[in-house]
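In: requesting a structural model of the entry that follows:
(one chain, ligands or ions: 1)
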Amino acid sequence: MSAAEALIAAGVRIVDAGLSPGSSGNLSIRDGDRILITASGTSLGRLTAGDISVIDLDGTHVGGIRPSKEWPLHVAFYRRDEAHRAVVHLHSPYAVAWSCLEPWAEHSAIPPLTPYFVMRVGQTPLMPYRHPGDSSLGTDLLASPWKLRAALMANHGSLVAGKDLDDAVDRAVELEEACRIALLTATTKRRILDEAQVSELAAEWRSPWGELADVN
Ligand SMILES: [Zn+2]
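Out: Reported below is the predicted structural model:
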């Protein structure tokens, strides 16, 4: 499957999972030193090769249609870690709802309520609110001291990376589920996994939790 075909297939999965209200969200995949990214205002469920833009790792537009104005988010994730090969950014309802609340902790806006969130997503810090399309969204992510594969952007949505698009979409689904469970339990006396339980899971699954990034 080509990089463009992988983007088109991932768009269908995201829409089928109900994670792209309206035509929101954008996806990218790294292909060598190039990034293939969806254009602004495209419907993720009906992507064609003509909806895909090509930029380099500085964000310079090098081919295809103009990229989504949220390209700095994607570039920041690729520049943070070579292991990030695909990025999914969504305005999915539960992630957006949770991004409007105060963060649970500095290293993770979402509390560790289930093992699966710790294993498959890991710590998910909250980035400050920025005007849509503001390039500071990218610089905030680059500057985050935390090791991360996912982040919430305040009053905006989620961002996840993966080793390929399937991995990134799986992680976006798990993040949405974690936000849904956090909201469902927000007003009740709930049990959060304790530090020892979280550390054991994070070590076993090599998932970032409480860890600082190497690069900062
Ligand atoms: Zn957005």
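In: where are the low-confidence patches of the chain?
Out: 215-216 (pLDDT under 70).
In: same thing but 80
Out: Scanning the chain for pLDDT under 80 picks out 214-216.
In: contact partners of stretch 59-77?
Out: 26, 28, 34-40, 50-58, 84, 87, 89, 132-133, 135, 137-139, 141-142, 153, 159, 161 (Cβ atoms under 8 Å, 6 or more residues apart in numbering). For glycine as for every other residue, the C-beta is placed from the backbone atoms N, C-alpha and C.
In: how about Leu183, what does it touch?
Out: The contact partners of Leu183, by Cβ under 8 Å, 6+ apart, come to 94, 97-98.
In: take those and write them to TSV, including secondary structure and distance to Val173.
Out: Shown next, in TSV, are these (DSSP: H, G, I helix; E, B strand; the rest coil; distance: Cβ to Cβ, whole Å):
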residue	secondary structure	distance to Val173
Tyr94	helix	11
Ala97	helix	16
Trp98	helix	15
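In: just the buried ones from these?
Out: Buried members of the contacts of Leu183, counted by 16 or more other Cβ atoms under 10 Å: 94, 98.
In: list just the nearest of the contacts of Leu183 to Arg120.
Out: Checking the contacts of Leu183 against Arg120 with Cβ to Cβ, the nearest one is Tyr94 at 15.7 Å.
In: tell me which residues in the longest helix along the chain are buried?
Out: Of all the segments of type helix in the chain, defined by DSSP state H, the longest one is helix 165-184. Neighbour counts using 16+ other Cβ under 10 Å place 165, 167-182 of helix 165-184 among the buried residues.
In: out of the contacts of Leu183, the closest to Gly18 would be?
Out: The shortest approach to Gly18 among the contacts of Leu183 belongs to Tyr94, at 10.2 Å (Cβ to Cβ).
In: so the closest one makes contact with Cys179?
Out: Yes: proximity of Tyr94 to Cys179 meets the contact threshold set by Cβ atoms under 8 Å, at 4.0 Å.
In: how near is the residue lying farthest from the centre of the chain to Leu183?
Out: Within the chain, the residue lying farthest from the chain centre (Cα atoms, centre = their mean) is Lys189, at 28.8 Å. Lys189 is 15 Å from Leu183, where distance means Cβ to Cβ, to the nearest Å.
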